[in-house]
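Colleague: Okay, sequence plus prediction incoming.
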Amino acid sequence: MAKRVLVIIPAYNEEATIASVVTSLHDLVPDFDIVVIDDGSTDETAKVVRGLQGVELVRLPYNLGIGSAVQTGFKFALRHGYDVAIQCDADGQHPVAQMKSLVDRLERGDADMVIGSRYVSDSSYVPSWSRR
């Protein structure tokens, strides 16, 4: 049985990138639903999202921080009966093309949670000094 998958995008002042992230999701994982949690943005993030097809928008009244935005997304997933929830950053840093493989891994049935990491395999990614 196919699982209902929700992509949660916490967003704070991401008007410049949110549309391209949502478009990539529609192109690469068209069966996944999308919710953007606007974390009290002061720019046009909500307006941009409202102009997109196939995406839900939840607006927080003011900036509560990434933790609250993600938690809001997980509560949305639970209340709407989703089987799988995936967090995706609004700035395009998470590779949308890898999301299907994360869900495929879950569907094997031997894991309850899968976390993607750019640190696991050899890559050209070099974290900033502060992230190291």
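Modeller: Right, received. Where do you want to start?

Colleague: Distance across stretch 14-33, terminal residue to terminal residue?
Modeller: Its first and final residues considered, stretch 14-33 spans 19 Å by CA to CA, to the nearest Å.

Colleague: how distant is it from the center of its chain?
Modeller: Mean C-alpha position of stretch 14-33 versus that of the full chain (CA atoms, centre = their mean, to the nearest Å) differs by 9 Å.

Colleague: Next, the buried residues of it.
Modeller: By neighbour count, with 16 or more other CB atoms under 10 Å as the criterion, the buried positions of stretch 14-33 are 14-15, 17-19, 21-22, 24-26, 29, 32-33. Yep, even glycine has a C-beta here, placed from its N, CA and C like the rest.

Colleague: tell me the pLDDT at R132?
Modeller: Taken from the predicted model, the pLDDT recorded for R132 is 60.

Colleague: Not counting sequence-adjacent ones, nearest residue to G73?
Modeller: Beyond its immediate neighbours in the sequence, the residue positioned closest to G73 (CB to CB, 6 or more residues apart in numbering) is I8, lying 3.2 Å away.

Colleague: so where's this protein uncertain?
Modeller: 1-2, 118-127, 130-132 (pLDDT under 70).

Colleague: Tell me the one of the buried residues of stretch 14-33 nearest E56?
Modeller: Checking the buried residues of stretch 14-33 against E56 by CB to CB gives D33 as the nearest, at 7.4 Å.

Colleague: Which strand residues bridge the residue nearest to G73?
Modeller: Using DSSP bridges, the beta-bridge partners of I8 come out as V35, Q87.

Colleague: so what's the residue most central in space within the chain up against?
Modeller: Using CA atoms, centre = their mean, the residue of the chain that lies closest to the mean C-alpha position is C88, 2.4 Å off. Listed by CB atoms under 8 Å, 6 or more residues apart in numbering, the contact set of C88 reads 7-9, 21, 25, 94, 96, 99.

Colleague: re earlier: relative to S41, how far out is the residue nearest to G73?
Modeller: Separation of I8 from S41 (CB to CB, to the nearest Å) stands at 16 Å.

Colleague: No more questions from me, cheers.
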